[in-house]
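Colleague: Okay, here's the prediction I keep looking at, along with the sequence it came from:
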Amino acid sequence: MVQIKVLPYDPSKFSHWEATTEVSLFPFRKETFITTPNKAKTLLGWKPIHNVEDDLAAEVAVYQAKGGFDKAWGSDELRWDEELVQSLASV
């Protein structure tokens with residue numbers, strides 16, 4: 001199984017915002033975006049059947065099986081990832 005580590009990031013420390021549109025940056029957001037299922041649990045009796053760790057691991061495994069990790073990333077994508085990871089050091 002693929003091990004996944006979910007890392008939060010501080011969008012104020014990511015310099016790429018100025019050069020793009022909001023759509024091209026999905027799923028990253030400049031603003032804090034928080035949502036919970038609490039209302040659905042309370043009002044509807046909803047219970048989750050998935051958890052993010054298992055679902056992410058499954059998606060990464062599918063991506064890997066399709067050769068996703070074999071493709072070279074461009075220098076921009078790598079730089080953006082490095083900026084995001086570096087911004088985590090101060091969190």
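Modeller: Noted; the coordinates are in hand.

Colleague: alpha carbons only for contacts and neighbour counts from here, please
Modeller: Noted.

Colleague: gap between Trp73 and Glu83?
Modeller: 15 Å (Cα to Cα, to the nearest Å).

Colleague: And for Pro37?
Modeller: Counting by Cα to Cα, the gap from Pro37 to Glu83 is 31 Å.

Colleague: ok, the two, which is more surrounded?
Modeller: Each of Pro37 and Glu83 has its neighbours counted (other Cα atoms under 10 Å); Glu83 has more, 16 against 10.

Colleague: what helix or strand does the more buried one sit in?
Modeller: helix 75-88 (DSSP states H and E).

Colleague: likewise Thr42?
Modeller: Here Thr42 is assigned to helix 38-44, by DSSP H and E.

Colleague: List of residues touching that helix?
Modeller: Helix 38-44 is contacted by residues Trp46, Lys47 when judged by Cα atoms under 8 Å, 6 or more residues apart in numbering.

Colleague: Return the set of buried residues in it.
Modeller: By neighbour count on 16 or more other Cα atoms under 10 Å, the buried set for helix 38-44 is empty.

Colleague: If you count neighbours, what's buried in whatever helix or strand comes next after it?
Modeller: Going down the chain from helix 38-44, the next helix or strand is helix 52-65, by DSSP H and E. Of the residues in helix 52-65, Leu56, Ala57, Val60, Ala61 count as buried by neighbour count, 16+ other Cα under 10 Å.

Colleague: Below-threshold pLDDT in this structure: ranges please.
Modeller: 1-2, 9, 11-33, 89-91 (pLDDT under 70).

Colleague: Now with 80, please.
Modeller: Scanning the chain for pLDDT under 80 picks out 1-34, 68, 71-78, 80-81, 84-91.

Colleague: Quick check: buried residues in the helix holding Glu83?
Modeller: Buried residues in helix 75-88 (16+ other Cα under 10 Å): Glu83, Leu84, Val85, Ser87.

Colleague: Which elements pack onto that helix?
Modeller: Applying 3 or more Cα pairs under 8 Å, 6 or more residues apart in numbering; DSSP states H and E, we find helix 75-88 packed against no helix or strand.

Colleague: Can you show me the CA trace of it as CSV?
Modeller: C-alpha atoms of helix 75-88 as CSV (Å, rounded to 0.1, in the frame of the first residue of the first chain):
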residue,chain,number,x,y,z
SER,A,75,10.2,22.9,-13.8
ASP,A,76,7.2,25.1,-12.8
GLU,A,77,5.3,22.2,-11.2
LEU,A,78,8.4,21.1,-9.3
ARG,A,79,9.1,24.7,-8.1
TRP,A,80,5.5,25.1,-6.9
ASP,A,81,5.7,21.8,-5.0
GLU,A,82,9.0,22.9,-3.4
GLU,A,83,7.5,26.2,-2.4
LEU,A,84,4.5,24.5,-0.8
VAL,A,85,6.7,22.0,1.1
GLN,A,86,9.0,24.8,2.3
SER,A,87,6.1,26.8,3.5
LEU,A,88,5.2,23.8,5.8
